[in-house]
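1. Quick check, what structure comes out for this input:
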Amino acid sequence: MRDIFEVRDFDGLGRIGELEVPRAGVTVETPALLPVINPHIRTIEPATLESEFGADVLITNGYVLYKSDEYRERALEEGLHDLLDFSGAIMTDSGSFQLSEYGEISVTNEEILRFQHEVGSDIGTPVDIPTPPDAGRERAESELATTQERLAAAEDVDVGEMLVNAPVQGSTYPDLREAAAEHAYGTSLDVFPVGAVVPLMNGYRYAEMVEVVLAAKRGLGADAPVHLFGAGHPMMFALAVAAGCDLFDSAAYALYARDDRYLTVSGTDHLDDLDYLPCGCPVCASHTAAELRALEERPREERLAEHNLHVSYRELRTVRQALREGNLLELVERRARGHPAMVDGYEALLDGADQLEAADPVSKGTFFHLSSASARRPEVRRHHERLARLSVEGDDVLLSEGDDNDRFDETWRLRPPFGPFPAALSDSYPLTAETPERLDRDAYEAAAAGVRRLIEANPNVAFTVAHWEWPDAALSALPDGVGTLELGPDSEPPSDADG
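-> Now for the predicted structure:
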């Protein structure tokens with residue numbers, strides 16, 4: 001594998017990285033958005049993407065060019081960069097989308113790879129088989145085998161400095177996705193798109209999308225740049241980045257504009273339903289909703305596409321900043337609350353907390369407890385794992401949300417959702433967490449699980465839990481024989497008779 005991808009910052013599986021694209025002579029900062037350019041229908045010109053939106057990479061369809069009477073010869077003579085008037089990196093697709101839509105394409109794997117190289121593509125794609133979600137396992141295995149054969153064949157095609165995608169297929173079978181990713185990573189190919197997920201996103205099946213991505217990530221090395229094919233809606237960028245995706249291609253900005261649809265980070269609105277424009281981009285700052293509706297069809301489509309791009313690029317910048325500050329998961333949770341299907345996606349992400357924890361930095365920005373889901377974050381999981389390895393000094397130990405007490409040999413702090421910890425760690429991440437006064441039951445139950453971990457690691461120590469009105473479900477999760485003291489504004493200090 002080429003040494004083309006360097007990661008600078010981590011948060012969970014999300015990362016800020018630099019993808020070197022040698023043929024274009026550029027380095028793309030990730031997470032990155034690749035606007036889709038249809039050579040025949042250019043809603044926003046590539047030069048405008050570059051000058052007004054800062055785009056340094058885009059994607060166009062190599063198969064459409066290959067079949068185009070209008071553009072094929074021009075692309076071969078001029079090259080893609082001159083044809084599209086774009087100086088950044090250009091990725092090309094191979095016709096796999098047309099294959100999934102129409103069942104066949106009139107080009108071989110080798111032919112389309114050579115064509116992509118000849119027209120000057122910087123990142124090309126073999127003809128993989130995009131098996132749709134819910135396909136039968138036998139079909140998924142058979143089509144995956146064909147994709148893997150084509151990836152192996154792609155290694156033998158001389159494409160010079162052009163990077164080559166190694167798509168990861170396998171339908172909605174996590175074990176097939178993981179095996180596909182492991183096979184792809186073992187080739188000499190360069191970028192690893194997770195394919196055939198558009199139907200999941202169109203169906204708001206974000207939990208399954210996350211499960212597919214996490215499965216693919218398990219089969220890939222940390223130096224593998226991951227592209228989520230067709231992931232163009234800004235509402236799911238934070239979620240997909242947290243799951244480990246680095247690149248996104250979007251035709252949504254143009255397709256939605258064609259239908260008078262207005263993108264936001266919490267969903268999609270139809271222009272006819274808007275009295276006000278809830279955005280500060282240049283389009284929204286210079287138009288009212290009524291003025292946009294009054295435009296002729298073509299300029300209205302262009303203005304909406306520009307707005308959709310502004311929202312998309314702004315959200316990627318927001319995601320990058322959250323990554324840099326170490327609060328990506330807080331951003332994911334805020335975005336998830338905008339749509340029930342996104343909540344499902346966030347819950348699926350936390351189902352993979354062990355996988356996230358393995359890459360998550362030990363120290364980062366302040367931990368914000370925003371909901372019951374926060375108790376399932378990888379930072380809580382990591383703290384509980386540490387508790388299982390810690391030794392407690394003394395025979396009689398108080399685990400307290402309040403102050404020390406001289407009656408006990410030692411006092412440890414006790415804080416939901418983490419559970420107990422030595423007082424010396426009080427200023428360490430994530431134990432400096434910001435938590436609401438009215439915590440949810442899951443936070444207390446997570447703290448009780450942490451207490452259990454510590455007690456199991458120190459079976460000969462007598463523990464007493466001093467707590468502030470823990471719910472019965474959390475108290476019942478404590479091991480038998482543990483003393484409890486309920487603290488409150490009128491409570492007395494524990495005496496020898498307590499416990």
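2. Which residue ranges make up each domain of this protein?
-> 5-356, 370-486 (automatic domain parsing).
3. for the last one, the distance to its chain's centre please.
-> What it means is domain 370-486. With CA atoms, centre = their mean, to the nearest Å as the basis, domain 370-486 stands 31 Å off its chain's centre.
4. go on, the longest one?
-> The chain centre lies 12 Å from the centre of domain 5-356; the measure is CA atoms, centre = their mean.
5. about what we covered before: looking at the domains of the chain, which is buried most?
-> Among the domains of the chain, the stretch with the highest mean neighbour count (mean count of other CB atoms under 10 Å) is domain 5-356, at a mean of 20. In this view, the C-beta of every residue, glycine as well, is placed from N, C-alpha and C.
6. what about that one, start to end distance?
-> 20 Å (CA to CA, to the nearest Å).
7. follow-up on the earlier one: of the domains of the chain, which is nearest K364?
-> With CB to CB, the closest approach to K364 among the domains of the chain belongs to domain 5-356: 2.6 Å.
8. rewinding a little: how about JSON lines for the domains of the chain, with distance to S363 and mean pLDDT added?
-> Output for the domains of the chain, formatted as JSON lines (distance: least, CB to CB, whole Å; pLDDT from 0 to 100):
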{"stretch": "domain 5-356", "distance to S363": "8", "mean pLDDT": "95"}
{"stretch": "domain 370-486", "distance to S363": "4", "mean pLDDT": "91"}
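9. Let me have those domains in TSV, extended by distance to K364.
-> Formatted as TSV, those follow (distance: least, CB to CB, whole Å):
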stretch	distance to K364
domain 5-356	3
domain 370-486	6
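10. Among those, which comes closest to V362?
-> domain 370-486 (7.5 Å).
11. mind exporting stretch 62-70 as PDB, just the C-alpha atoms?
-> What follows is stretch 62-70, C-alpha atoms only, in PDB (Å, rounded to 0.1, in the frame of the first residue of the first chain):
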ATOM      1  CA  GLY A  62     -15.900   8.000 -15.800                       C
ATOM      2  CA  TYR A  63     -18.400   5.600 -17.400                       C
ATOM      3  CA  VAL A  64     -20.700   8.600 -18.400                       C
ATOM      4  CA  LEU A  65     -17.700  10.200 -20.100                       C
ATOM      5  CA  TYR A  66     -16.700   6.800 -21.700                       C
ATOM      6  CA  LYS A  67     -20.200   6.600 -23.300                       C
ATOM      7  CA  SER A  68     -20.600  10.300 -24.100                       C
ATOM      8  CA  ASP A  69     -20.600  11.300 -27.800                       C
ATOM      9  CA  GLU A  70     -20.200  14.900 -26.600                       C
END
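12. Give me the residues contacting it.
-> For stretch 62-70, contacts defined as CB atoms under 8 Å, 6 or more residues apart in numbering pick out 38-40, 71-72, 75, 92-95, 98, 105-107, 112, 115-116, 119, 121, 124-125.
13. need the helices for the stretch 1-150 of the chain, in chain order.
-> Secondary structure of the stretch 1-150 of the chain (DSSP state H, counting those that start in this stretch): helices at 46-53, 62-67, 72-78, 80-84, 96-102, 109-118, 137-154.
14. now for those helices, which one comes closest to G244?
-> helix 137-154 (20.2 Å).
15. what's that closest one packed up against?
-> helix 109-118, helix 174-185 (3 or more CB pairs under 8 Å, 6 or more residues apart in numbering; DSSP states H and E).
16. Can you add distance to R139 and give those back as CSV?
-> As requested, the helices and strands packed on helix 137-154 are exported to CSV (distance: least, CB to CB, whole Å):
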stretch, distance to R139
helix 109-118, 20
helix 174-185, 11
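17. Relative to G345, which of those helices is closest?
-> Closest among these, once you apply CB to CB, is helix 174-185, at 15.2 Å.
18. Give the other helices and strands that that closest one contacts.
-> By 3+ CB pairs under 8 Å, 6+ apart, helix 174-185 packs against helix 137-154, strand 192-194, helix 206-219.
19. Do a quick rundown of the helices in the stretch 301-450 of the chain.
-> Assigned by DSSP H, counting those that start in this stretch, the helices in the stretch 301-450 of the chain fall at 328-336, 340-351, 353-359, 378-387, 441-457.
20. need these in a markdown table with distance to T30, can you?
-> Formatted as a markdown table, those follow (distance: least, CB to CB, whole Å):
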| stretch | distance to T30 |
| --- | --- |
| helix 328-336 | 14 |
| helix 340-351 | 19 |
| helix 353-359 | 15 |
| helix 378-387 | 21 |
| helix 441-457 | 33 |
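21. Minimum distance to V57: which of the ones you listed has it?
-> Closest to V57 of those, according to CB to CB: helix 328-336, at 21.8 Å.
22. which residues touch A353?
-> So A353 contacts 376-378, 380-381 (CB under 8 Å, 6+ apart).
23. again, but for G232
-> 36, 248-253, 312.
24. And for V213?
-> By CB under 8 Å, 6+ apart, the contact set of V213 is 194, 197, 226, 228, 240, 243-245.
25. farthest pair in the residues you listed?
-> Most distant of the contacts of V213, by CB to CB, are V197 and G244, 13.4 Å apart.
26. circling back to that earlier point, turn the helices and strands packed on helix 174-185 into JSON lines, including distance to N405.
-> Shown next, in JSON lines, are those (distance: least, CB to CB, whole Å):
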{"stretch": "helix 137-154", "distance to N405": "60"}
{"stretch": "strand 192-194", "distance to N405": "54"}
{"stretch": "helix 206-219", "distance to N405": "45"}
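27. wait, which of these is closest to A289?
-> Across the helices and strands packed on helix 174-185, A289 has its closest neighbour in helix 206-219 (28.5 Å, CB to CB).
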